[in-house]
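Enquirer: using only what follows, build the 3D model:
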Amino acid sequence: MYFLKSLARRTPQGAPLIFSIGLFSKEEDKAGSNFDIVDREKELQEIKLKYEQRSDISWTERLSLMWRIDEYGALSPELNQCIFSTYISAVCGGIVGSYVETQRIMKVFLERNKYEMFKHPREAQAAVRDKWILTAYKGFFRYGSRMAILTGTYMCVSQSLTAIRNYVNPLDHAVGGMMMGAVYRFNMGPKGMLAAGVLGGIIGLQAGCIWWVIQWATGETVEERWRREYFQYRLNVELKEATQKLEDERQKLIEEGGQAKSEPYVEEEDSLDFVHGYILLARKWLVDAGILSSPITLKEDNGAIVTNPKL
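Expert: Predicted coordinates for the structure are as follows:
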């Protein structure tokens, strides 16, 4: 306690602002800033070559391939498997926790209020509803966070050891299980951590054997699977970039030198020319017949004015 108080007194005044900036900054901006380099294609080619020749590189390079983030903020195939397993376990644990806690609180509520709940049924229903919702949220967070921590610890440790070895070994999963058990009983001290670590190592060893059998049945090695997943991800990224480039009209304007192509103007033909011709012919016939007078006046050579000339 004294150490925490002294640490709080020594903390500079600008520390809260710095920590707040770090908390509210976007991960995409961080990932993008690391890849704002000219030789981006060179970096991608090096990563591709490492996945193609994974067995020829060192264990540190294989581990760095796992713990990395690309230019779009996406994780590697190895680390993505850990995150996906953690999410699934958190959701499943949260659902189980909500069910267990709500069933327990319902039994307690019925035992405490079984003689008074029928006197005011509406108030009893409202009270149990609020209690049920609050308990469901608490159970989901409690069990879900616990399962996420345990599964994340197990998957990260075992997956890192698998990346170092470049093949599945049940002992790696046993080590991951030991770490999981030690984290689970961290509040019980060294003895509790040791006992839980031994039990977790036994469970992890069994899980590692099952995982090894599944990989043997599929006939695909660790290197082949992660290479396939990486190439599939890069193919999806390239297709997305190509689609976005086609849909971006500004890119077309840049490629054309900043000038849009102007379509040639085609004058439309007047569709009423034939009607106008028939009207002129009819008017000429009426003027010749003397029914209409011509508005045109012509002057002869002798000075006489003809108001109805023969057209």
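
Enquirer: which neighbouring elements make contact with the helix or strand containing Arg129?
Expert: Using DSSP states H and E, Arg129 falls within helix 121-165. The contact analysis (3 or more C-beta pairs under 8 Å, 6 or more residues apart in numbering; DSSP states H and E) places helix 121-165 against helix 59-66, helix 77-113, helix 170-184, helix 189-218. From N, CA and C alone the C-beta is placed, and that goes for glycine too.

Enquirer: make CSV out of those helices and add distance to Arg225, mean pLDDT and mean neighbour count.
Expert: Listed next are those as CSV, based on distance: least, C-beta to C-beta, whole Å; pLDDT from 0 to 100; neighbours: other C-beta atoms under 10 Å:
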stretch, distance to Arg225, mean pLDDT, mean neighbour count
helix 59-66, 13, 91, 16
helix 77-113, 8, 91, 16
helix 170-184, 16, 94, 22
helix 189-218, 8, 93, 15
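
Enquirer: redo these as CSV? Include distance to Asp248.
Expert: Conversion of those to CSV gives the following (distance: least, C-beta to C-beta, whole Å):
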stretch, distance to Asp248
helix 59-66, 32
helix 77-113, 28
helix 170-184, 45
helix 189-218, 41
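
Enquirer: between those helices, which gets nearest to Ile279?
Expert: Among the helices and strands packed on helix 121-165, the nearest to Ile279 by C-beta to C-beta is helix 77-113 (78.8 Å).

Enquirer: please report how far Gln232 lies from Arg142.
Expert: 37 Å (C-beta to C-beta, to the nearest Å).

Enquirer: which one's more surrounded, those two?
Expert: The neighbour comparison of Gln232 against Arg142 (other C-beta atoms under 10 Å) goes to Arg142, with 16 against 11.

Enquirer: pull the contacting residues for that one.
Expert: By C-beta atoms under 8 Å, 6 or more residues apart in numbering, the residues touching Arg142 are Gly97, Glu101.

Enquirer: got the domain boundaries for this protein?
Expert: Domain assignment for the chain, taken from automatic domain parsing, gives 40-166+220-249, 278-306.

Enquirer: buried deepest among the ones you listed, which one?
Expert: Highest mean neighbour count of the domains of the chain: domain 40-166+220-249, a mean of 15 (counted as mean count of other C-beta atoms under 10 Å).

Enquirer: burial count for Tyr253?
Expert: Tyr isn't right for residue 253; it's Leu. Burial of Leu253 is recorded as 13 neighbouring residues (other C-beta under 10 Å).

Enquirer: which SSE is it in?
Expert: helix 249-255.

Enquirer: would you confirm that Tyr167 contacts Arg225?
Expert: No. Assessed by C-beta atoms under 8 Å, Tyr167 is found out of contact with Arg225, at 11.1 Å.

Enquirer: just to revisit the earlier point, what's the closest of the helices and strands packed on helix 121-165 to Arg122?
Expert: Of all the helices and strands packed on helix 121-165, helix 77-113 comes closest under C-beta to C-beta, at 13.5 Å.

Enquirer: the stretch 201-311 of the chain: helices as residue ranges?
Expert: 222-247, 249-255, 273-288 (DSSP state H, counting those that start in this stretch).

Enquirer: just the pLDDT for Arg228.
Expert: On pLDDT, Arg228 comes in at 92.

Enquirer: ok, the residue nearest to it when sequence neighbours are not counted to Glu229 distance?
Expert: In space, and not counting its chain neighbours, Arg228 is closest to Glu220: 7.8 Å by C-beta to C-beta, 6 or more residues apart in numbering. Applying C-beta to C-beta, the value for Glu220 to Glu229 is 11 Å.

Enquirer: just to be sure, Gly73 is in a helix?
Expert: No. Counting by DSSP: H, G, I helix; E, B strand; the rest coil, one finds Gly73 to be coil, located in no helix.

Enquirer: between the helix holding Arg129 and helix 59-66, how many degrees?
Expert: 150 degrees (axes from the mean of the first three to the mean of the last three C-alpha atoms, to 10 degrees).

Enquirer: would you mind writing the CA trace of the strand or helix carrying Glu41 as PDB?
Expert: Using DSSP H and E, Glu41 falls within helix 40-52. Taking C-alpha atoms only, helix 40-52 is exported to PDB below (Å, rounded to 0.1, in the frame of the first residue of the first chain):
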ATOM      1  CA  ARG A  40       5.700  -1.600 -48.300                       C
ATOM      2  CA  GLU A  41       5.800  -4.100 -51.200                       C
ATOM      3  CA  LYS A  42       9.300  -5.200 -50.100                       C
ATOM      4  CA  GLU A  43       8.000  -5.900 -46.600                       C
ATOM      5  CA  LEU A  44       5.100  -7.900 -48.000                       C
ATOM      6  CA  GLN A  45       7.400  -9.900 -50.200                       C
ATOM      7  CA  GLU A  46       9.700 -10.700 -47.200                       C
ATOM      8  CA  ILE A  47       6.700 -11.900 -45.100                       C
ATOM      9  CA  LYS A  48       5.500 -14.000 -48.100                       C
ATOM     10  CA  LEU A  49       8.900 -15.500 -48.500                       C
ATOM     11  CA  LYS A  50       9.100 -16.400 -44.800                       C
ATOM     12  CA  TYR A  51       5.700 -18.200 -45.000                       C
ATOM     13  CA  GLU A  52       6.900 -20.100 -48.000                       C
END
